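**Q** return a 3D structure for these sequence lines:
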Amino acid sequence: MVSVNVSQLLLEGLGSVREFDFAEPLPDPTGELHLRGPIRGHARLTRTSEGILVHAEHSVSAGLECARCLEDARVRIRGAIDEEFFPSTDIRTGAPLPLPGGDGEALLIDDHHEIGLDEVLRQSILTNLPLQPLCRADCPGLCTVCGERLDGAHGPHADEPGLADPPIDPASPFAQLAALFRDAED
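**A** Below is the predicted model:
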C-alpha cells in the first residue's frame, strides 16, 4: 500500500515540496494486474492553494500472456501520474471541509491527513499495459496447422496423414477456383 502523511506539508506555504521513494506491494483484489513484485517509484508532493499536487513516476513487473505463443511473458510497465488531492478535514480544527467542484470525483486526503496512491497507481498500470505483450521480441508464434510453437523443433506438415488438403466439393461455387489454386501450388 502506497500512502504518505501530508499533515506537515498542509501546514506549510504554497509551493512547499516533499519527495519520497517507494517500493511497496500494490493490492490487486480483482487479479487484473498480474503483478510480479512491488511497485517502485519516486513521488514529488507540492503544496497548492487548494491541496497537494502529486507527481509520481513508477515501474512494476507484470506477468502476462504472450500474444504470439500464449506462453508467460514478463513485461516491465512504466508510467507517471499527476493528480491533485484535496483535504477533507481542516488541518488545524478537524472540521469537515466542502468538496471542491461538488461532483464527488475529487481525490481526497483522508481524515488522518494521508494520501493513498493505490487507486491512481492501479489505474495508471492498467492504462499502460501493453496491448500485445511478447515473451521475447523474436517470438515465432504458433503453427496455424497444429498449434505447436514455431521453433527449431517444428517441422513441415505436407507429408503428415490427416493434414492434407481437404477434398474439393464440386457443388461449391468456388470449386473451380480452389482447383486452380491447387494446380498452381503443385
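**Q** quick check: mean pLDDT of the helix or strand hosting residue 121?
**A** Taking DSSP states H and E as the definition, residue 121 sits inside helix 118-128. Helix 118-128 comes out with an average pLDDT of 94.
**Q** what sits up against that helix?
**A** With contact meaning Cβ atoms under 8 Å, 6 or more residues apart in numbering, helix 118-128 is reached by 1-3, 26-28, 32-33, 35, 39, 41, 54, 56, 58, 60, 62, 77-81, 83, 107. Where C-beta positions appear, they are placed from N, C-alpha and C, glycine not excepted.
**Q** any stretches of the protein with poor pLDDT?
**A** In the predicted model, the chain carries pLDDT under 70 at residues 101-104, 158-167, 186.
**Q** longest strand anywhere in this structure?
**A** Looking across the chain with DSSP state E, the single longest strand is strand 72-87.
**Q** what is the subsequent helix or strand relative to that one?
**A** According to DSSP H and E, the helix or strand after strand 72-87 is strand 107-109.
**Q** doesn't residue 182 fall inside a strand?
**A** No: counting by DSSP: H, G, I helix; E, B strand; the rest coil, residue 182 is not part of a strand but helix.
**Q** residue 175 versus that one, what's the distance?
**A** 11 Å (Cβ to Cβ, to the nearest Å).
**Q** need the residues touching each of the two.
**A** residue 168.
**Q** how many neighbours does residue 118 have?
**A** 15 (other Cβ atoms under 10 Å).
**Q** make 381 the starting number, not 1.
**A** Shifting the count to begin at 381 puts that one at residue 498.
**Q** quick one, what contacts the closest residue to residue 467 other than its chain neighbours?
**A** Closest residue to residue 467 apart from its sequence neighbours, by Cβ to Cβ, 6 or more residues apart in numbering: residue 489 at 4.7 Å. Neighbour list for residue 489: 386, 390, 431-432, 465-468, 495 [criterion: Cβ under 8 Å, 6+ apart].
**Q** mind listing what's buried in stretch 501-515?
**A** 501-502, 504-505, 508, 513-515 (16 or more other Cβ atoms under 10 Å).
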